[in-house]
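Asks: can you look at this prediction? I've put the sequence above it.
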Amino acid sequence: METAIVRHNMFDDLKQLTKFGLSVSVVFSSIAGYLLAVDVIDYKILALLSIGGYCLVGASNAFNQIIERVPDSVMKRTMDRPIPTGRMSVNLAMFIAIFMTIAGLAILYSINEKTALFGAISIFLYTSAYTPLKPITPLSVFVGAIPGAIPFMLGWVAATGKFGIEPGMLFMIQFFWQFPHFWAIGWLQFDEYKKAGFNLMPTGEKNKKATKLIIIYTILMLIVSIVPVFKITGALYLLPGSAILIFVLGLVMLFYGVKLHKEQTNLMARKLMLSSVLYITLIQIIFVIDKFLH
């Protein structure tokens, strides 16, 4: 009985260390990107992309928790993670992170070289640039937006072995989306982050200058998301009905961004954050369904 409990706890700790839910959502983005690029699905490549992608995202999250173990120990949201509680040693976490990095890169390399290259760029920027910059400057969000935007385009590169306007467009959509999303989280967690020595708000404060930037980046995201309807992005294009649907979803985010600007409340920041999660999930589904309607 005790062995079963220990195993269960270790499994839970591994899920926490690799941020299972977040990692699965990132893999979902890669799968969507892959489906957008192919006419015939190769399930072997899809499986390799999913496993390799999970390994790299999980490794990035593990390295992040190793580096941020002290700040994690003072924030309510993170103090129960395996490393701050002492349930997992730093050495074990490091072994897991390194193993998953090597495995992830090897698996992605077996698909094609460019997929492995972009995977390597992603984990390097997240671990060696974004994470160390978080306590220093709010500009860390801009740096973090680069690896954060790679998964959607990575699927296309895995399918084609090429980087062009189509994966570039998918990158831009996810890149601009991250700013309102993370600034909404930065707003909600402002006091907790401050306690841990982080400040993710673009102006350093919860104020109207910050919410103006949220509105600007939401509008940029909205524009970029519907550009494929104009058939100027190669093989990636949207039917008018799908573009309208995506535009409406973007307007929901914009609505909460404007409300946050006016009201400056945590309630509106939470609604913006939730609407942003809904947006990025649904537009990927819409893009894929639309592709198979052409």
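Replies: Everything's here; your move.
Asks: next up, the contacts around Met221.
Replies: Met221 sits next to 173, 176-177, 179-180, 250, 253 when contact means Cβ atoms under 8 Å, 6 or more residues apart in numbering. C-betas here are computed from N, CA, C, even on glycine.
Asks: what about Leu236, which SS state?
Replies: coil (DSSP: H, G, I helix; E, B strand; the rest coil).
Asks: scratch that, Met75 is what I was asking about
Replies: coil.
Asks: tell me the pLDDT of it.
Replies: Turning to Met75, the model gives it a pLDDT of 90.
Asks: my read: it touches Glu192, true?
Replies: Yes. Assessed by Cβ atoms under 8 Å, Met75 is found in contact with Glu192 at 4.7 Å.
Asks: which one's more surrounded, these two?
Replies: Met75 (18 against 15; other Cβ atoms under 10 Å).
Asks: residue contacts, that one?
Replies: 189, 192-193, 195-196.
Asks: from these, list just the buried residues.
Replies: Judged by neighbour count, with 16 or more other Cβ atoms under 10 Å as the criterion, the buried members of the contacts of Met75 are 189, 193, 196.
Asks: in strands, which of these appear?
Replies: Among the buried ones among the contacts of Met75, none falls in strands (DSSP state E).
Asks: from the residues you listed, pick the one nearest Pro135.
Replies: Comparing those against Pro135 with Cβ to Cβ places Ala196 closest, at 8.2 Å.
Asks: per-residue pLDDT, the nearest residue to the closest one once chain neighbours are set aside?
Replies: Distances taken as Cβ to Cβ, 6 or more residues apart in numbering place Pro71 nearest to Ala196, at 3.6 Å, with adjacent residues excluded. For Pro71, the model assigns a pLDDT of 91.
Asks: so what secondary structure elements neighbour whatever helix or strand Pro71 lives in?
Replies: If you go by DSSP states H and E, Pro71 is part of helix 69-72. Other helices and strands packing on helix 69-72, by 3 or more Cβ pairs under 8 Å, 6 or more residues apart in numbering; DSSP states H and E, are helix 82-85.
Asks: following the helix it packs on, which helix or strand comes up?
Replies: Assigned by DSSP H and E, the successor of helix 82-85 is helix 90-111.
Asks: looking at that next one now, give me its mean pLDDT.
Replies: The average pLDDT within helix 90-111 is 97.
Asks: start at 165 instead
Replies: Got it, first residue is 165 now, which makes that one helix 254-275.
Asks: so which elements touch it?
Replies: If you count contacts as 3+ Cβ pairs under 8 Å, 6+ apart, helix 254-275 packs onto helix 166-181, helix 207-231, helix 246-249, helix 277-289.
Asks: that older thread, give me the buried subset of the contacts of Met385.
Replies: With burial judged by 16+ other Cβ under 10 Å, the buried subset of the contacts of Met385 is 337, 340-341, 343-344, 414, 417.
Asks: tell me the one of those nearest Thr445?
Replies: For those, the nearest to Thr445 is Trp341 (10.9 Å; Cβ to Cβ).
Asks: correct me, but Met432 touches Phe419?
Replies: No. Met432 lies out of contact with Phe419 (Cβ under 8 Å); the separation is 9.8 Å.
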